[in-house]
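**Student:** Predicted coordinates and the sequence they were generated for:
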Amino acid sequence: MRKAAPELARFLAAFGPDVARVFRATRAAVLHAAPQANELVYDAYNAVTIAFTFTDRLSEAFVHIAAYTKHVNLGFNHGAALPDPERLLAGSGARIRHARIARAADLERPAIAMLLRAAVAQGRALARNRTTARARSVVRPTTGAKRRPKRAATTRPRRKR
């Protein structure tokens, strides 16, 4: 599997180890389904996200992963158009839907694999008439203050004197 951008580990350090582990497993599942996809990595104001696209354009992303303080979402940028017989997708917007990934084992569900395959097909259609970029990870800058809590450093209690 492709190595992640070095900054990703630093960005995920603000979250607990369980969230980081699920995030990395979700990234691996997406790259397994779409090994030629580019990753656009963002350390946003309330989440760390990766958008996957076959071009360099965020507007042509087909899937995204978002790490929040206590969970990870696998987002489908055109999820409203995806078949979802098991009703795994949440959201009520015009386009985007997501599935909450609580643990890495959730990614082994056949319905998740089916959703990923369908989203990859959408992504290929979006990039059909464009020059596709070589598969890579790109860290994109974001602006604004971070609103998520910083993970407390583990420290030893002070001894009384």
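**Tutor:** Nice, I can see it. Quick caveat: nothing in here was measured; it's all calculated off a predicted structure.

**Student:** Against which helices or strands is whatever helix or strand Leu31 lives in packed?
**Tutor:** Counting by DSSP states H and E, the secondary-structure element that holds Leu31 is helix 17-33. Packing partners of helix 17-33 (3 or more C-beta pairs under 8 Å, 6 or more residues apart in numbering; DSSP states H and E): helix 6-12, strand 48-53, strand 63-67, strand 72-76, strand 97-101, helix 110-126. Bear in mind the C-beta positions are built from the backbone N, C-alpha and C, glycine included.

**Student:** Which of these sits closest to Pro85?
**Tutor:** Comparing the helices and strands packed on helix 17-33 against Pro85 with C-beta to C-beta, the closest turns out to be helix 110-126 (7.4 Å).

**Student:** which residues are in contact with the closest one?
**Tutor:** The list of residues contacting helix 110-126 from outside it, by C-beta atoms under 8 Å, 6 or more residues apart in numbering, reads 29-30, 33-34, 37, 52-55, 60-63, 74, 76-79, 81-86, 88-89, 99, 106.

**Student:** Please indicate which of those residues are buried?
**Tutor:** Neighbour-count burial (16 or more other C-beta atoms under 10 Å) applied to the contacts of helix 110-126 gives 29-30, 33-34, 37, 52-55, 60-63, 74, 76-79, 82, 84, 88-89, 99, 106.

**Student:** Wait, a strand at Val139?
**Tutor:** Yes - judged by DSSP: H, G, I helix; E, B strand; the rest coil, Val139 forms part of a strand.
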